[in-house]
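Asks: Got a sequence here, can you model it:
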Amino acid sequence: MVDCKVTARFAHTVMTSQALNHANYSQEIFFEVELPKTGFITNFSMEIDGQVYAGEVKEKEKAKKQYEKAVSSGQTAGLVKVSGRKMEKFSVSVNIAAKSNVTFVLTYEELLQRKLGQYEILIRVKPKSTVQKFQIVANIYEPQGISFVDTHATFLSNELLPLVEKTVTDKKAHISFSPTTEQQRKCPDCDETLIDGDFIITYDVKRVQTLGDIQIVNGYFVHFFAPPDLPRVPVNVVFVIDRSGSMSGRKMIQTREALLAILNDLHEDDYFALIQFDSTIDSWKESLTKATKENIADAMVYVKQIQDRGATNINDAVLRGVNMILNDKQAKRIPEQSIDMVILLTDGMPNSGEPQRIQENVRSAIEGSMSLFCLGFGNDVDYSFLDVMSKENKGMARRIYEASDATLQLQGFYEEVSSPLLSEVDLRYPDNAVDFLTTNHFDRFFNGSEIVVAGRLTDNQLDNFMVEVFACTGFVSDLNYNEMETAGENKENIYGSVSRLIMDLLVTKDHSITVTLKDSVKFVILLHKVWKNHPYHRDYLGFYTLDSHLFSSSVHGLLGQFYHGINYEVTDLRPGEVPEKPDATMYVKGHELNVTRGWQRDFRRDVKNGQNVPCWFIHRNGTGLIDGDVTDYIVSGLFKTV
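Replies: Presented below is the predicted three-dimensional model:
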């Protein structure tokens, strides 16, 4: 039986198996299960003839030494070993007396990782023969709400598919699979089982425009950060492809197939380059190329002609890719507001230069300016060398297993890393409220993934929890979001934070507040006081942008439409109603408007006192100048959106 309970992405799985020794003599009985590499065993026990024997869980290295010692002395011990690309195998054996039975219970836990927009619960089942009481049960509870749940298995036939039961409500999901012994049989008169493979549950949670979900329990917090609807950042990517002799045959065929598929998925605002290497290095072009349909078609022709041949020169090949990006960036041939990456695909040891020297050369060349991702093809690759080199350069390494789906593995990896949304992400929490924190700086945040930070609180009675998120995007240099999070279900978004600041301004009668959305773009909100008993003016808020040059050209709204300036012409200067305020005619947006010259106080350079600047006042609430009608910008209340 497999019983899995998931609460807020944290999975607790219990695997129970019972075996009976039918023989008239004692014999060895094995218990083998596979669990995800990201999981960790928290408990193992055996019950033999009513007596429970609890196992002692140790770290892997210590456990391996103790296992060898226990086996040599005839004691019972279990060991975890690597088993394939996603799983590890736990195995243990025990001698059981004649006609006796044993019950094995293994418990493991896992923090589910979000990839490509979903979480995955992977349960591997290989009973080898039919099981009298076979059952898989999974219960999911997500406080944010569940957006979808899917279930499939590699062994599900048309007959077994209806046996998968799924019930989903707003925050809970229940999945079960309980085939009878007869339904498990591979054939009517045999004991072989159809149940052999992976039972997979995928799901995601509902997301709103906030700084994420914070769970606070028993003095600890977990912050899940995956903001939706962020714009994709253009990518400048150089593919560095190993064509050495060891890549011959199937590896090279699958590499070409994967590259063709990846090229076809490039976005038109991306730039890319292709470098192939053995003992020599060849480039498709000497600089990166925009991913237009025509350029993609030409690149595909080039990829189809890549052939395996000589030795391996990883050092010079990677440096060629790095320097290509740096040179293009300096010459402004590629967009400045984009993210740069080099993707290396190789299957062997570097035989030109020591690994440590190569790592130093690459690190020195990149200097934190881009990401290096390394794909190691096959079992003979020096994976630790690639792993270190990637991590030193804001990237990651991935082993590509030699199998029929290697092309899909390559495509899947590129799909994960090809849509960066944020870089240099810092999640900050109040120093006086937190005394322990997991990693809170992340080089990249990719579309469909999630950042998780956990910590210990100094105050269990904490009602409010301030979170600040600093990050870079491709469109603005820095984002500085801050939000007051409340323990429990009450979460407010960035607009709520600004609203609270404005309310504080109104209540305390302070002169100004600054709302920071990035380091160099700040909004100053001023409370302008009007003298008492004025016939029509009232106290009002002034909203001033201190720096707007890094805003996207798509910003809009009452203020946004003016961030990038407008074309206008003023003529026919003439006397107005007030001698010092002349009138004129303004031609703007296809309209002819009557405008009046006046003065306004500008607080961008001097927040306290401001300075007088000449300006033209538009009559009739800006009719003819603003987009739409003035009523489009009126809300029923200061903190309402409708």
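Asks: Quick one: the strands in the stretch 101-250 of the chain, in order.
Replies: Under the criterion DSSP state E, counting those that start in this stretch, the stretch 101-250 of the chain contains strands at 101-111, 119-125, 136-141, 146-153, 164-168, 172-177, 197-205, 213-217, 220-225, 235-242.
Asks: In CSV, list the ones you listed along with distance to residue 26.
Replies: For every residue, glycine as well, the C-beta is placed using N, CA and C. Formatted as CSV, these follow (distance: least, C-beta to C-beta, whole Å):
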stretch, distance to residue 26
strand 101-111, 12
strand 119-125, 28
strand 136-141, 32
strand 146-153, 36
strand 164-168, 39
strand 172-177, 35
strand 197-205, 33
strand 213-217, 47
strand 220-225, 47
strand 235-242, 54
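Asks: most tightly surrounded among those strands?
Replies: Mean neighbours per residue, mean count of other C-beta atoms under 10 Å, is largest over the strands of the stretch 101-250 of the chain for strand 235-242, with a mean of 24.
Asks: Helix or strand next in line after that strand, which one?
Replies: helix 250-265 (DSSP states H and E).
Asks: Among the strands of the stretch 101-250 of the chain, show the one with the smallest mean pLDDT.
Replies: Note on the strands of the stretch 101-250 of the chain: lowest mean pLDDT is at strand 213-217, with a mean of 79.
Asks: mind checking which of the strands of the stretch 101-250 of the chain is nearest residue 50?
Replies: Residue 50 lies closest, by C-beta to C-beta, to one member of the strands of the stretch 101-250 of the chain: strand 101-111, at 9.9 Å.
Asks: From the chain's centroid, how far away is the closest one?
Replies: Distance of strand 101-111 from the chain centroid (C-alpha atoms, centre = their mean, to the nearest Å) equals 31 Å.
Asks: The helix or strand containing residue 592: partners in the sheet, and parallel or antiparallel?
Replies: When elements are assigned from DSSP H and E, residue 592 belongs to strand 591-602. The sheet places strand 591-602 alongside strand 581-588 (antiparallel), strand 611-618 (antiparallel), with pairing taken from DSSP bridges.
Asks: Can I get the ones you listed in CSV including distance to residue 170?
Replies: Formatted as CSV, the strands paired with strand 591-602 follow (distance: least, C-beta to C-beta, whole Å):
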stretch, distance to residue 170
strand 581-588, 51
strand 611-618, 49
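Asks: To residue 471, which of those lies closest?
Replies: Comparing the strands paired with strand 591-602 by C-beta to C-beta, strand 611-618 comes nearest, at 34.0 Å.
Asks: Nearest spatial neighbour of residue 373, chain-adjacent residues omitted?
Replies: Nearest in space to residue 373, with sequence neighbours left out and distances taken as C-beta to C-beta, 6 or more residues apart in numbering, is residue 395 at 4.4 Å.
Asks: swap in residue 421?
Replies: Nearest to residue 421 is residue 230, by C-beta to C-beta, 6+ apart, at 4.3 Å.
Asks: So what's the residue count around that neighbour?
Replies: Neighbour count for residue 230, taken as other C-beta atoms under 10 Å: 17.
Asks: Residue 49 versus that one, what's the distance?
Replies: Distance, residue 230 to residue 49, by C-beta to C-beta, to the nearest Å: 59 Å.
Asks: cool, and residue 147?
Replies: Separation of residue 147 from residue 49 (C-beta to C-beta): 48 Å.
Asks: What of residue 356?
Replies: For residue 356, the distance to residue 49 - C-beta to C-beta - is 56 Å.
Asks: With residue 554 instead?
Replies: As judged by C-beta to C-beta, residue 554 and residue 49 stand 72 Å apart.
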